[in-house]
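Chemist: Provided below for reference: sequence and predicted model.
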Amino acid sequence: MRKQTTTTFGILSLIAAVLFVFGNTASANTILLNFGAASSAVGGNGSLDVGGTWNSIVTPNNDLAAGSVVNSANTVVTGVSINTSNFRSAALANTGSWAGSTPWVDLDAATNTWYYGGTDATPATIVISGLTDLEYKLDFLAIRSSSPANERSADYDVNGSFGDSTPDGDNFNANIDGWNGGNVLGWSSITPAGGTISITITKIDGANYGYATALRLTAIPTPSAAAGGLALLVITTLRRRG
């Protein structure tokens, strides 16, 4: 009876350990990106701290090359590259306090935002390339503090689709929905096209503007991989104890 109890305890401990490992892979498979300079520490990877290590692109329409993007745990220099285009040449400062309380958003990241719109003819884009996982989750922050609020609406899509958050990015107002509403746009399941995820921001009309403030991209471990790893470890333990 003691042997059976010991074996059961060992298996349960092993399962707990495996679940802990899988549960803590999020930071290793997550990329945080700030658009613009943070107020507390301008520029450079790791200048922000809430949520982990951040990457920053200070000047609009600049890029981050493969080999310069780190994960939020700061343990891996990823092979991911980030290309941006068609934003205005300077970031805008947000003043006051953002109404949101999303845990991963460093409030310093909310102090600046990129923008495009008005007379700009071509939608703004953020292209993330070099992705190797099958599925990703994306959270996107688009906020603007200043009025007039009726000039802050744009469509935000990822690989041609709106998100599954509420709001979902269709006619999203960065002042009403974003700054004052505290909302973050979300896509819970994105399959990269050829290793690429494309974010497109399209103004509603010539009087409106769209914004890019920050994002979080997280690789989603496949259930089969997690289950397979757990099963293999359990079988190996049973054989050794048998």
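Modeler: Arrived safely.
Chemist: Just want the most central residue of this protein.
Modeler: The centre of the chain sits closest to Arg216, judged by CA atoms, centre = their mean, with a distance of 1.3 Å.
Chemist: check contacts around that residue.
Modeler: Going by CB atoms under 8 Å, 6 or more residues apart in numbering, Arg216 touches Thr30, Ile31, Leu32, Leu33, Gly51, Ser72, Trp104, Leu138, Asp139. (Each C-beta comes from the backbone N, C-alpha and C, glycine too.)
Chemist: Could you pull out the helices in the protein for me?
Modeler: 2-23, 223-241 (DSSP state H).
Chemist: ok, of those, where does mean pLDDT dip lowest?
Modeler: Mean pLDDT is lowest for helix 2-23 out of the helices of the chain, coming in at a mean of 44.
Chemist: Among the contacts of Arg216, which one sits closest to Thr222?
Modeler: Thr30 (16.4 Å; CB to CB).
Chemist: Now do the contacts for the closest one.
Modeler: Taking CB under 8 Å, 6+ apart as the test, what Thr30 contacts is Gly52, Asn71, Ser72, Ala73, Arg216, Leu217, Thr218, Ala219.
Chemist: Let's see stretch 67-75 as PDB, backbone CA atoms only.
Modeler: Output in PDB follows, covering the C-alpha atoms of stretch 67-75 (Å, rounded to 0.1, in the frame of the first residue of the first chain):
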ATOM      1  CA  GLY A  67      18.200  39.500 -33.800                       C
ATOM      2  CA  SER A  68      17.300  42.700 -32.000                       C
ATOM      3  CA  VAL A  69      13.800  41.600 -30.600                       C
ATOM      4  CA  VAL A  70      13.900  39.900 -27.200                       C
ATOM      5  CA  ASN A  71      11.200  38.000 -25.400                       C
ATOM      6  CA  SER A  72       9.600  39.400 -22.300                       C
ATOM      7  CA  ALA A  73      11.600  37.100 -20.000                       C
ATOM      8  CA  ASN A  74      14.800  38.500 -21.600                       C
ATOM      9  CA  THR A  75      16.100  35.000 -22.100                       C
END
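Chemist: Tell me which residues of it come out buried.
Modeler: Within stretch 67-75, the residues that count as buried by 16 or more other CB atoms under 10 Å are Val69, Val70, Asn71, Ser72.
Chemist: Show me the shaky parts of the chain.
Modeler: The chain contains residues with pLDDT under 70 at 1-28, 38-47, 223-242.
Chemist: Strands of this protein, start to end?
Modeler: 30-35, 55-57, 81-85, 92-93, 112-117, 124-129, 136-141, 153-158, 172-173, 185-190, 197-203, 209-212, 214-219 (DSSP state E).
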